[in-house]
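>>> Sequence and predicted structure are below.
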Amino acid sequence: MTETMLLVPMRTAKQGVALNQGKLKDAYKKETSTVEIKQEDMDRLGLKTGDRVRLRAGTEEVIVSCKPRKEGKKVQDTATGIIFLPYGPISSALMTDGDTAGTGMPDSKHLIVEIEGPLAQEESDG
Amino acid sequence: MSSALRIVNGKIYDPANNIDGEVRDICIQDGKIVESVPGDTPKIDAHGMVVMPGGVDIHSHIAGPKTNLARKFQPEDHRYDPHPGTEFTRSGAGGIVPSTFATGYRFATLGYTTVMEAAVPPLSARHVLEELEDTAILDKGYYVLMGNNSFLHRMLEKGRMEEFRNAVAWWLNASKAYTIKLVCPGGDEQWKGDKNATINQIDEKIHSFDITPRQVIKALIDTANDLGLPHPAHIHCNNLGHSGNYTTTLDTMRAAEGRKAHITHIQFNSYGGEPGKNPTSKAKEISDFINENPNISADVGQVMFGKSVSMTADAPLAWMLRHVKERKWINCDTECESGCGIIPFEYQQNVYTHTLQWAIGLELFLMAKDPWRMVLSTDHPNGGSFLNYPRLIRLLMDRDFRKQEAAAVNQKALLSTSLLDLDREYSLQEIAIVTRAAPARLLGLKHKGHLGVGADADITIYDEHENREEMFKTARYVLKDGHLFIKNHEFCADPVGRIYQVAPDYDKKIEDEIRPFFDEYYSVQFDNYPVFDTHVETEIVPTYPVQ
Amino acid sequence: MKLTVHTPPEVPLEAEILSPTSLAGLSEAEVSALIVHHGNRKEALGEFFSVNGKMNGRLELEGDLSFVKLIGQGMADGEMFIEGNVSGHLGCGMSGGRIVLNGDAQDWVGEDMTGGSITINGNAGHMVGSGVRGAEQGMLGGEIFVRGNCKNEAGGAMRRGLVAIGGNSGDFTGLNMVAGTVIVLGEMGIRTGSNMKRGSVISMNPARMIPSFSYSCTYQPIFLRFYLNYLRDVGFEIDDAWLNGSYQRWCGDAISLNKGEVLLYQS
Amino acid sequence: MKIRSTEITDTFAEAFKMSAARIIITAESDYWAMAAAQSVTGFATSVIGCRCEAGIEKTLSPKETPDQRPGVSVLLFANSTKGVGNRLVERIGQSVMTCPTTACFNGLDGTEEKFSVGEKLRYFGDGYQGSKVLNDRKMWRIPVMEGEFLIDDSFGIQAAVGGGNLLFLGKELSSTLQAATAAAEAMRKLPNIILPMPGGVVRSGSKPGSRYKALPASTNDAFCPTLRGSAPKTELGEDEACVLEIVIDGLDESSVAEAMRQGMHAAVEAGGEGLARITAGNYGGNLGQYKIGLHPLLQD
Amino acid sequence: MDSSVAAEPNIRVVKNATCTFCGCVCDDMELTVDLDQKRITKAKNACVLGKAWFAEHSVDESRPVAMIEGKEVSLDEAIDEAAKILVNARFPVIYGMSNSTSEAQRETVKMADLLSANVDSTSSVCHGPTGMGLQGVGEPTTTLGEVKNRADMIVYWGCNPSDCHPRLSTHYAVNPKGMYIPNGRKDRTVINVDVRSTTTTNIADVFVQVKPGSDFELLWGLRILVRGGKLNPAFEEQTGVPIDVIENLASRLMSCNYGILFFGMGLTMTRGRHYNASALHMLATDLNEHTHFVVKPARGHGNVTGADTVMSWQTGYPFGINFNRGYPRHEPGEFTTTDIMCRGEADAACIIASDPMANFAKPAIDHMKKIPMISFDPKPTPTSQAARVAFTTACYGINTPGTVYRMDDIPIPLRPAFESPFPSDLDILKPLVKRIRELKRAQY
């Protein structure tokens, strides 16, 4: 299934910890290549934890795994159609527009992407 | 390479040594002025020129957190006044608040070699010291803010004067500052703690402490005197900028009870009239008091027409100014120590209040019987940039110019002052006093501000020019510690200036009292608070404590 | 006089001397010898341009100018015709004369402009006719015509003058406007007129208004005929229906003086 | 000199220097443009009592107006730039701004003098007014209940000619009136002039001064047929029993002269035998700056 | 001042050490250092990120101090090569600095001035837009201690300190007791505004969920209320926040004694950028008509604030600075590194302690691959891998002394835990500057 969603790259404590170990290390690579999706959206797309999905923005695409997003304990979080990915080379690769609108800052936290998944194992390996 | 030099044929103005325009030689060896140098020593021929000690600025805002915020938020101002580098000098940005290097070079171009930064909270000591290190050429120091210090307020509240004094000394050491600065004592506490209130009269109670500003003022004046600081407590009075504030100023000066105190940019505190209404001039009342009380010194804080930035530790004042015109505004609270407000401003000739401020400043200069105790400042950049000094000097020296300028200002305001009745013209010797000799003496910098044997060879040589503004705009030669760095108006070297601090003795036990206060109320560790000795190189100016 | 690029700069070339005002009275050789800033080096203009003809108030530029910045800075008179895409700050601080660009321009076209006119027959970048960072007001006069699209902050902090965009504009059109007129014949991005005090932003398409703008009414503003006719005269395609049409009038920004307006054509 | 049976006196019309403005009033329709024009030119027959003289110059098609709507061009004359300006402010404020759908524009370009009109009327907007500057034209938009009133910031004022005149001396009322009416109709078609009097024609021609101190002018007794027997001096012949006058104000002397020329021809045609004589008023040439001779106008 | 004491042979305890991982720059670390292994075994008081920072910055002595084209070279050779690259470049770009001491930053700007280069810090892709907001409308702000002592209202807007600045809440803002906040957390109200719930939401009293990309509109709505106006229903439509919730939020903000708005990339990295930050600054300014209110960007890297601070005092501008003309100029979008790279303008780059090859937009990365780069980093990164000259540096705060500016502009000293065999940034920059000066002198 393919849908258009809003990708918000973000920081997580895990990513911060992994960053210290080294950006070329597995822990960092793993953390920065797992997209968080609201359970409701996962269900609609037919995704399970660990499934591979393709994210496409403009001419660029990446393949990442997915997991359901943890929500706050006491609140009703209504945001659907938004997915989150810890900052890293993968989120940057989807930042295809370098226009900073005269600020120096691309719209790093507001990327419109197409999400496609779950992918078959062969495809995601290729 | 010999470091000796002889300046010949110049007219010397050295008021501290009673030399008033005589043609004499000045001899320099190893950075100091000496009796004589060998005959074959290189010479500077100062024929037709005026030789003065390097200028000394007792009160300018040139470095530290608020200065830097004022820089950061005015790109539109820097943009049109770039400061290109040269083979010898760094580049920078000019404008109303220049970058550090540009500040140093531009002061030096006017012939200044020593400048004091007037207000920094101790928590930002490292910051100001790093900036001062990057301020080219000049010798400098800074005054540390203590008028809104919560720990000191507590000591005072409990009447623990001994601990108060030790704490002040600890703070001076920890921050490597030059003297104690008070800015609107109690005002920032109200500002931060009472929804932007302020305190105007010195006998009002300070929010959440059982003390009044008068007690803070008195205690800090006394402490500065007792510790024997080279420069006494440097006071920005309460009620600054408000109509009718001259009584607060008189009260503050009386609170010194005969002990030494310096009232800064006193022009801003010499207003009559009723609060909220148009001010009037009380320059005479203020001058009379200072003329009669030799323990008090002041700098004027002249307002000059044109662009300025109000940047002050008097946070409520900046907020008041913001209501004049809704311009961009910065406020910055410093925990347990201070507040700060910044707002771009412009003094306009046609505005009543601005003209009045301009005229009061000039009245104060012209009414001062003792120029050694009423020295030149614009409270840069509050009253206008230091680049206005040459123009200000011309206003003081040239009555006709003054009248001509007065014709263009708000006449209602002008005529409410006595400026047009004051015919006095400053002599070159008096200019040398208010720009060099006096500030150096008030600062207790014994090697500065004069050309006697043993003085630092900080020397400025101006082409003599009838138009004093032109004359003082760019020095032909300037030497720092005997080192020629401006030659024929061009930089030929980039000497590094000193940073002065004081280091009064104190009872180390006070640290046991301060430490828990830090643990509870500060966001930094007590042990990390004092500036490490390795941080910057400073020179300690001795103190002479009262036994 | 005509200047043709023979060697495109490898890094940005700052050539503020490229204006009829700066080149007035100079010979071919003198122009070739003028200093421009190629990155951090000073080089002769002739290293990049071949110079032909006499300078008689009209200057033509042609070639790969995509790295050339500050063309027409401070221009006060004369005419300049440019073939090719240019980098930033075209006509900044301009006070008179006319620039016509057949190509695209990058950011900051006509910043701090006080007079004269700039016509861009392609697209323009961000901050067309906008005030410099930190300043309370920007453009003080003059006219900027962009046939194609522009990006964000068109007419930002403008105080006087006219910015007309034939295509679409980006976000924050008329941001911080003090007065003046911005006309967008295409569509505008979001947050039009944020913090505007006075002035007009006019578009021929519907727009999403920030909620601090209040809808007043739909009416036929007579003054607009003057603008649309004027734009037609300078070569924009103006639909007759716009001249006689009705416009929604939105007042704002309520956060500021609330005396600005956004007029949106109602088909 | 005679044209047909009508004698043309060899005299001249003595005209005066005045100041004038041209205003273009546009509106949604001819009807509303004319309504405003009539109102703005109302009660403006003579500077003596009305402080200005105004009239409709012509109607304009949408192609001819600045905002491409139907319009009317109006000329207004007074003794000074300031006089014209102040009348514009009063009259446009009361008669144009009030009138539905109108806008009001300056109709004189390139004049040396300008007077702020929109710039003064804008205050009616109570702070909600706004200005627009396009291509050196500054206009004000003043919010009104129906939309907004658009008016130029300032109006050009130029030197002009007032008091051009013709006197029609007839044998009886009806032919004199016919002659004058025809003359006025012919003259009204011409540009740059107006005939400020009702229908273009005035019967109460005046002389300067009066036996009563308060009055600056009084009836022209030398031309009153009823006083031929009692006035100290009369200008009328025995068979001249009715006099009507046409007053012409124009932007320049030649326009006034042309109007007089055409007016005379039309009057002679329409008046026939009944129109005994055409002459013009003057004060011996001592008061006015312009002398427009009748004979020269008719020679060619 | 030396607070280190020897606990047992080869184990050293460093008290009052400073963590430079994030902008909190906590200076109350107690580090246990194994001097033999050159690693920190324990970091008392550190948060999860700080613990990782200290634990993972051991020294890998197998790494070469410098490499050219991936081959090991001596430090001097690498400095010489780096100097040549920079001196020969017409548009050299110097970028990074946020993980470096202020001493090294000062030297970096000096180098940029000397080279007539472009210099920019990671601020430009972090809180650069906040700096632009400051330039536009000013900013009421504070040091963190005043938050601890006085703030009874804490708003986290578009930031998630529980993950990114864990001790912001526990050490400075939410939990601690302060001079006028005797009961700590109980005396404070915490409000979280975000497009999603985060771990920070869990510590908040109020959560306001705003539609992605509509923070600006919500801030505008609050400003209208604070200025005494009323909201129309469009606010609810556009922000997704019910009008009564916005009204409630506004009245809470107005009625506190001392409020603070912390904010993050949720504002600066989304559509509106600098103007989102301006809107927030203006909201705080407006609130000062009712009470005392301040803002504070929750800044990222340890000394990114120092980079702004140092560049401001040396050049007058906080980031995005160009010295091509022999004096500094500032223009975000023109002299900011992302833009320069995306437009393909730079012909050489010197990257100090940051990793643009991992963080920048795709077109920028594509250009950086084409030009000679120099990198300074303690660890291998995508940038160091792509660099022609790569220096391995000692880690600031762990191996080197110096000064770091906390997110509230407060300078904090560093107490190194152990010595690194690698030079600090400053140790490389000084001879590099010297070498550049020599080459330039020879050139002219």
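Looks like it came in fine. Residues are numbered from 1 along each chain as shown, chains lettered A, B, ... in the order given.
>>> What segments of the stretch 51-200 of chain C are strands?
With DSSP state E, counting those that start in this stretch applied, the stretch 51-200 of chain C shows strands at C:58-62, C:68-69, C:79-83, C:98-102, C:117-120, C:143-146, C:162-165, C:181-184, C:200-203, listed in chain order.
>>> if you look at the second one, does any of it touch chain B?
So that's strand C:68-69. No: Strand C:68-69 is not in contact with chain B by C-beta under 8 Å from any C-beta of the partner chain; minimum separation 15.2 Å. Using the backbone N, CA and C atoms, a C-beta is placed for each residue, glycine as well.
>>> how about that strand, does it get close to chain A?
No: between strand C:68-69 and chain A, judged by C-beta under 8 Å from any C-beta, nothing touches; the nearest distance is 14.2 Å.
>>> Could you look up the SS state of the residue lying closest to A:Y28 once chain neighbours are set aside?
Excluding the flanking residues, the one nearest A:Y28 by C-beta to C-beta, 6 or more residues apart in numbering or on different chains is A:A18, at 4.0 Å. A:A18 falls in the helix class when you classify it by DSSP: H, G, I helix; E, B strand; the rest coil.
>>> Tell me, how many residues neighbour A:A18?
Using other C-beta atoms under 10 Å in any protein chain shown, A:A18 has 23 other residues around it.
>>> Against chain C, how distant is it?
The gap separating A:A18 from chain C is 35 Å, by C-beta to the nearest C-beta, to the nearest Å.
>>> From what I see, that residue and A:T34 are in contact.
No: applying C-beta atoms under 8 Å, one finds A:A18 not in contact with A:T34, separated by 11.3 Å.
>>> how about the helices in the stretch 1-150 of chain B?
Using DSSP state H, counting those that start in this stretch, the helices of the stretch 1-150 of chain B run over B:65-72, B:75-78, B:100-109, B:125-133, B:150-157.
>>> Tabulate those in JSON lines, adding columns for distance to B:L484, mean pLDDT and mean neighbour count.
JSON lines is the format used below for the helices of the stretch 1-150 of chain B (distance: least, C-beta to C-beta, whole Å; pLDDT from 0 to 100; neighbours: other C-beta atoms under 10 Å in any protein chain shown):
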{"stretch": "helix B:65-72", "distance to B:L484": "29", "mean pLDDT": "97", "mean neighbour count": "27"}
{"stretch": "helix B:75-78", "distance to B:L484": "30", "mean pLDDT": "96", "mean neighbour count": "24"}
{"stretch": "helix B:100-109", "distance to B:L484": "12", "mean pLDDT": "98", "mean neighbour count": "26"}
{"stretch": "helix B:125-133", "distance to B:L484": "22", "mean pLDDT": "98", "mean neighbour count": "27"}
{"stretch": "helix B:150-157", "distance to B:L484": "45", "mean pLDDT": "97", "mean neighbour count": "21"}
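>>> so which of those helices comes closest to B:N18?
Nearest to B:N18 among the helices of the stretch 1-150 of chain B is helix B:100-109; the distance by C-beta to C-beta comes to 27.0 Å.
>>> Around chain C, pick out the residues from chain A.
Counting by C-beta under 8 Å from any C-beta, the positions of chain A adjacent to chain C are A:99, A:101-102.
>>> go on, chain B?
Chain B has residues B:73-77, B:79, B:327-328 near chain C, with proximity defined as C-beta under 8 Å from any C-beta.
>>> Just the closest of those to C:A135, please.
B:E76 (4.0 Å).
>>> measure that closest one to E:L144 for me?
Using C-beta to C-beta, to the nearest Å, we find B:E76 at a distance of 30 Å from E:L144.
>>> Over to E:I365?
Distance of E:I365 to E:L144, computed by C-beta to C-beta: 35 Å.
>>> swap in B:K32?
From B:K32 across to E:L144, the span is 47 Å (C-beta to C-beta).
>>> same check, this time on B:V8
Distance, B:V8 to E:L144, by C-beta to C-beta: 59 Å.
>>> In a markdown table, list the strands of the stretch 51-200 of chain C along with mean neighbour count.
A markdown table is the format used below for the strands of the stretch 51-200 of chain C (neighbours: other C-beta atoms under 10 Å in any protein chain shown):
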| stretch | mean neighbour count |
| --- | --- |
| strand C:58-62 | 20 |
| strand C:68-69 | 26 |
| strand C:79-83 | 20 |
| strand C:98-102 | 22 |
| strand C:117-120 | 24 |
| strand C:143-146 | 27 |
| strand C:162-165 | 28 |
| strand C:181-184 | 28 |
| strand C:200-203 | 26 |
